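1. coords below, sequence missing:
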């Protein structure tokens with residue numbers, strides 16, 4: 001379904017707002033949601049922070065090359081609300097431009113969550129995307145973490161690795177949920193990891209989400225910043241793919 005010109009203007013306006021909030025980061029201590037990348041043999045195999053939001057519960061974006069991978073508009077956004085807190089990540093394009101199969105880990109994290117209130121919190125998460133070319137490993141492709149000590153390195157909660165199922169060119173992990181126990185009246189952190197194993201030339205896009213709610217709540221609101229963020233990147237992905245198709249040379 002094609003979007004109206006007004007809808008596209010709204011999406012691009014939102015994207016511009018996200019872009020203004022981005023700042024490059026060199027250490028884990030940077031404020032805001034953080035994007036870190038890892039590939040075996042690159043930077044000693046350690047996770048490397050490539051982008052961070054200007055402050056807590058904003059957004060961060062990164063485009064560039066890391067190891068064997070070309071990354072186009074990978075982003076994360078987070079929010080801290082009484083009814084629902086969340087952490088989202090997405091990318092317009094991840095492509096293996098190297099000569100052999102390789103795995104890129106994309107980790108996003110945010111500390112200093114204080115909401116929802118309560119000790120027992122329900123964590124729900126999932127990932128979906130599209131294989132544009134080549135093949136993608138589906139096993140243990142996504143995992144969610146948390147820290148009751150508000151750490152972004154020492155994580156004492158996970159809902160376990162999630163595998164994706166592929167249907168045509170799309171893939172989806174479905175939804176996983178479990179209970180996270182926080183320290184009463186203390187902040188906590190959330191993180192997620194996307195593990196992308198692509199063959200040479202393989203290219204995909206994806207979006208993921210982690211939501212935290214009161215397990216006893218009777219109604220759960222939509223994660224507004226997450227929906228806007230993922231919708232924005234999805235819309236730009238659609239436009240980007242249409243542009244790539246339109247400029248392909250045609251045979252005589």
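-> Thanks, I have the structure now. It should be emphasised that the depicted structure is a prediction, and the values quoted were computed from it without experimental measurement.
2. can you map out the helices along the stretch 101-250 of the chain?
-> For the stretch 101-250 of the chain, the helices defined by DSSP state H, counting those that start in this stretch cover 224-246.
3. which stretches of it aren't confidently modelled?
-> Across the stretch 101-250 of the chain, residues meeting the criterion (pLDDT under 70) sit at 219-250.
4. and with 80 instead?
-> 217-250 (pLDDT under 80).
5. Next one: the one residue sitting closest to the centre of the chain relative to residue 51, how far apart?
-> Residue closest to the mean C-alpha point of the chain, counted by CA atoms, centre = their mean, is residue 89 at 1.6 Å. From residue 89 across to residue 51, the span is 11 Å (CB to CB, to the nearest Å). Just so you know, the C-beta spots here come from the backbone N, C-alpha and C atoms, and that holds for glycine as well.
6. what touches both of those two?
-> residue 35 (CB atoms under 8 Å, 6 or more residues apart in numbering).
7. Identify the residues contacting the closest residue to residue 175 other than its chain neighbours.
-> Nearest non-adjacent residue to residue 175, counting by CB to CB, 6 or more residues apart in numbering: residue 126, 4.6 Å away. For residue 126, the contact set (CB under 8 Å, 6+ apart) comprises 142, 162, 172, 173, 174, 175, 176, 208, 209.
8. Could I get the full set of strands for the stretch 151-252 of the chain?
-> Assigned by DSSP state E, counting those that start in this stretch, the stretch 151-252 of the chain shows strands spanning 157-158, 165-167, 170-172, 176-181, 188-198, 203-213.
9. Dump the ones you listed to JSON lines, plus distance to residue 76 and mean neighbour count.
-> Shown next, in JSON lines, are those (distance: least, CB to CB, whole Å; neighbours: other CB atoms under 10 Å):
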{"stretch": "strand 157-158", "distance to residue 76": "18", "mean neighbour count": "18"}
{"stretch": "strand 165-167", "distance to residue 76": "24", "mean neighbour count": "10"}
{"stretch": "strand 170-172", "distance to residue 76": "20", "mean neighbour count": "15"}
{"stretch": "strand 176-181", "distance to residue 76": "19", "mean neighbour count": "16"}
{"stretch": "strand 188-198", "distance to residue 76": "9", "mean neighbour count": "23"}
{"stretch": "strand 203-213", "distance to residue 76": "9", "mean neighbour count": "24"}
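10. now those in TSV, with distance to residue 93?
-> Shown next, in TSV, are the strands of the stretch 151-252 of the chain (distance: least, CB to CB, whole Å):
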stretch	distance to residue 93
strand 157-158	28
strand 165-167	18
strand 170-172	15
strand 176-181	26
strand 188-198	11
strand 203-213	6
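11. Can you tell me how far the residue nearest to residue 175 is from residue 212?
-> For residue 126, the distance to residue 212 (CB to CB) stands at 14 Å.
12. Please apply the same query to residue 218.
-> Counting by CB to CB, the gap from residue 218 to residue 212 is 17 Å.
13. do the same with residue 204
-> 27 Å.
14. go on, residue 91?
-> For residue 91 relative to residue 212 (CB to CB), the value is 23 Å.
15. just residue 97 next, same as before
-> 36 Å.
16. got it, and residue 141?
-> 21 Å.
17. what about stretch 149-158, how long is it end to end?
-> Terminal residues of stretch 149-158 are spaced 14 Å apart (CA to CA, to the nearest Å).
18. which residues touch that stretch?
-> 28, 34, 109, 111-112, 123, 143-148, 180-181, 183, 186-189, 191.
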